[in-house]
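Enquirer: Have a look at this fold, sequence not included:
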């Protein structure tokens, strides 16, 4: 029933400035947030690369959550560094610098034991690398991926190939429109299913998220927070909660996806309340379910 | 049980350019859209002003829906004209021109028969005029109002006075933040209840709407349309559906507000599919309920 999940993505030291403060070289990256968010649901296998300067607490953060790190490579050199800033409304992030460092020449090599992993999440990295991972996987049950405008513009052919091989695509509303050329979010989500994925999940920040699955739309609002301190990692944590809860149930039908959307939203809501992935340490399923209950109540009449 | 609704607001001849075409001096204005949207639910009384150039089909549009026009004044001169343009994404409207004409010196005078109207909607006009209407009403059961950034900036004191006298405020997310100085939509909605209204309804266009009532949030997605042709009047039609359905039930509790949010969303979805208010002509409760059922399904698990 419960299925292991493999994630490939970046592991980064993030420097983030927001109106609420600054975080200096904190843990980050799509694989790290996803793994931390999916870990409460079951087994997570991580594929990524760090430099020999990666702090011991980074590895400890993942190990404490039981994440399988056999796929984590350490190379001589510096870990991926990212510096960004949020404006007053916490919606738009301005990238100050991106230093790929050891990630620059990363090619994912999966431990043999990972080849049969049933559920795959391809974090937001070059589509060519996402394809390299799929080439090393045997008959996955479900493949999900995340992408962004950088690849929509910069690697459209690789992206098309990747899309033709996945089941579920995560992206934000602007990216959905850019990928399809549609001006309308609903039309864009529908159009993406023509590119390969049967399921599309549109992330909308403070406006929640939209699922398109089996010809139907499902909308979940953002969890109501009076303050968002640092939105970094929210999208990957959301995906971790969605895919983690789907894998735990072992079903990928409409009802499972709908429930999973609430889980992803709840998990992400913990992450944005503080700088960095710290809220994922020790996050329990009970705490998550308290918030999915609030979300359900937020869309239920009477 | 079912309660009459009074609306005061603008009646306008709108010229709208969108990527889908142009509408030249079509029927518009907050009072006209609201009245058309609320009419399927019961008795609507309109207070407004038009010039002697107001076309016969404008009056016919309202009369066919059974709107009580004893409060509609015709003055010598031209009707309010508005010209605006939508960009590609249909989210941002650029105002080209606003000619108030006969509306410039408008002071609402209510027919005596309107004084006891139990449910009041103060459309988006100067807060001082909204207050003038309230001064002519005896013991209303429920008062709702709409406002916009123009008054938040330009008439903050009148706006405060108006807010202290109403039960429900409609506004969009940017306006909620501007009114309260909060950067966060949730914090902003909460803060507005400190200014008077016990209920706050935040309109978010393609992202749906958010209700804050009785200490709880309720979220409704936008109705999933593949194309929005003209968003003009969507907010007022939404308010018409919300207030119309509340007045029809005669209850203003949480469950009634939640159901009403679906009705407002459904009604507005018909309006944005075409230029102008034509979709409201002959719109039936059955057609509305088909869409509220879709919206309910869009937020229901399993």
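Expert: Nice, thanks for sending it over. Being a predicted model, the structure only gives us computed values, none of them experimental.

Enquirer: In the helix or strand containing residue A:133, which residues are buried?
Expert: Using DSSP states H and E, residue A:133 sits in helix A:127-134. For helix A:127-134, burial by neighbour count (16 or more other CB atoms under 10 Å in any protein chain shown) applies to A:127, A:129, A:130, A:131, A:132, A:133, A:134. To be clear about C-beta, it is placed using only N, CA and C from the backbone, and glycine gets the same treatment.

Enquirer: try stretch A:295-302
Expert: For stretch A:295-302, by 16+ other CB under 10 Å, it's A:295, A:298, A:299, A:301.

Enquirer: can you list contacts of it?
Expert: For stretch A:295-302, the surrounding residues in contact (CB atoms under 8 Å, 6 or more residues apart in numbering or on different chains) are A:219-221, A:223-224, A:262, A:265-266, B:216-220, B:254-255, B:258-259, B:262, B:296, B:299-301.

Enquirer: Can you select the buried ones among the residues you listed for me in PyMOL?
Expert: Isolation of the buried members of the contacts of stretch A:295-302 (16+ other CB under 10 Å) is achieved in PyMOL through the command below:
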select buried, (chain A and resi 219+220+221+223+224+262+265+266) or (chain B and resi 217+218+219+220+254+258+259+262+299+301)
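
Enquirer: Show me which residues of the stretch 51-200 of chain A are close to chain B?
Expert: Residues of the stretch 51-200 of chain A found near chain B (CB under 8 Å from any CB of the partner chain) are A:88, A:89, A:90, A:177, A:183, A:184, A:185, A:186, A:187, A:190.

Enquirer: just the helices in chain A please.
Expert: Counting by DSSP state H, chain A has helices at residues A:30-38, A:56-64, A:127-134, A:149-154, A:156-163, A:173-180, A:185-192, A:234-249, A:254-271, A:285-297.

Enquirer: and those helices, which is most packed in?
Expert: Stretch with highest mean neighbour count among the helices of chain A: helix A:30-38 (a mean of 32; mean count of other CB atoms under 10 Å in any protein chain shown).

Enquirer: Do me a favour and get the end-to-end distance for stretch A:24-42?
Expert: 30 Å (CA to CA, to the nearest Å).

Enquirer: so how far is that stretch from its chain's centroid?
Expert: Averaging C-alpha positions (CA atoms, centre = their mean, to the nearest Å) puts stretch A:24-42 9 Å from its chain's average.

Enquirer: OK, contacts around the residue nearest to residue A:174 when sequence neighbours are not counted?
Expert: Nearest non-adjacent residue to residue A:174, counting by CB to CB, 6 or more residues apart in numbering or on different chains: residue A:149, 7.0 Å away. Neighbouring residues of residue A:149 by CB under 8 Å, 6+ apart: A:174, A:175, A:178.

Enquirer: pLDDT score assigned to residue A:149?
Expert: Residue A:149 is assigned 89 on the pLDDT scale.

Enquirer: So it versus chain B, what's the distance?
Expert: Taking CB to the nearest CB, to the nearest Å as the measure, residue A:149 falls 15 Å from chain B.

Enquirer: and the closest residue to residue A:205 other than its chain neighbours, how many neighbours does it have?
Expert: Spatial nearest neighbour of residue A:205, excluding adjacent residues (CB to CB, 6+ apart): residue A:91 at 6.0 Å. The local packing of residue A:91 (other CB atoms under 10 Å in any protein chain shown) involves 13 other residues.

Enquirer: per-residue pLDDT, residue A:91?
Expert: pLDDT, residue A:91: 72.

Enquirer: now residue A:302
Expert: pLDDT, residue A:302: 68.

Enquirer: hmm, back to that, and which of the contacts of residue A:149 is nearest to chain B?
Expert: Nearest to chain B out of the contacts of residue A:149 is residue A:174 (CB to the nearest CB; 9.2 Å).

Enquirer: Pull up the distance across stretch A:221-236, start to finish.
Expert: 17 Å.

Enquirer: what do you get for stretch A:69-89?
Expert: 36 Å.

Enquirer: Could you do stretch A:153-166 as well?
Expert: OK, stretch A:153-166 end separation, CA to CA: 20 Å.

Enquirer: any idea of the mean pLDDT for that stretch?
Expert: What stretch A:153-166 shows for mean pLDDT is 96.

Enquirer: can you list contacts of it?
Expert: Contacts for stretch A:153-166 (CB under 8 Å, 6+ apart): A:122, A:126-128, A:130-131, A:134, A:143-145, A:147, A:151-152, A:169, A:178-179, A:192, A:195-197.

Enquirer: again with stretch A:51-67
Expert: By CB under 8 Å, 6+ apart, the surrounding residues in contact with stretch A:51-67 are A:11, A:13, A:27, A:32, A:35-36, A:39-40, A:43-46, A:50, A:69, A:72, A:74-80, A:101-102, A:277, A:280-282.

Enquirer: now that stretch, how far from the chain's geometric center?
Expert: 18 Å.

Enquirer: And stretch A:4-15, by the same measure?
Expert: That offset, for stretch A:4-15, works out to 9 Å (CA atoms, centre = their mean).

Enquirer: what do you get for stretch A:134-148?
Expert: Distance, centroid of stretch A:134-148 to centroid of chain: 13 Å (CA atoms, centre = their mean).

Enquirer: Need the pLDDT of the most centrally placed residue in chain A.
Expert: Among the residues of chain A, the one closest to the centroid is residue A:236, at 2.3 Å (CA atoms, centre = their mean). For residue A:236, the pLDDT comes out at 98.

Enquirer: Next, the distance between the ends of stretch A:193-211.
Expert: Note: stretch A:193-211 ends 12 Å apart using CA to CA.

Enquirer: What residues of that stretch count as buried?
Expert: A:195-197, A:199-211.

Enquirer: Counting by contacts, list what the helix holding residue A:133 packs against.
Expert: Secondary-structure packing of helix A:127-134 (3 or more CB pairs under 8 Å, 6 or more residues apart in numbering or on different chains; DSSP states H and E): strand A:5-8, strand A:119-122, helix A:156-163.

Enquirer: Let me have these in CSV, extended by distance to residue A:270.
Expert: Putting the helices and strands packed on helix A:127-134 into CSV (distance: least, CB to CB, whole Å) gives the following:
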stretch, distance to residue A:270
strand A:5-8, 18
strand A:119-122, 19
helix A:156-163, 30
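
Enquirer: Determine which of those approaches residue B:249 most closely.
Expert: Nearest of those to residue B:249, taken as CB to CB: strand A:119-122 at 45.9 Å.
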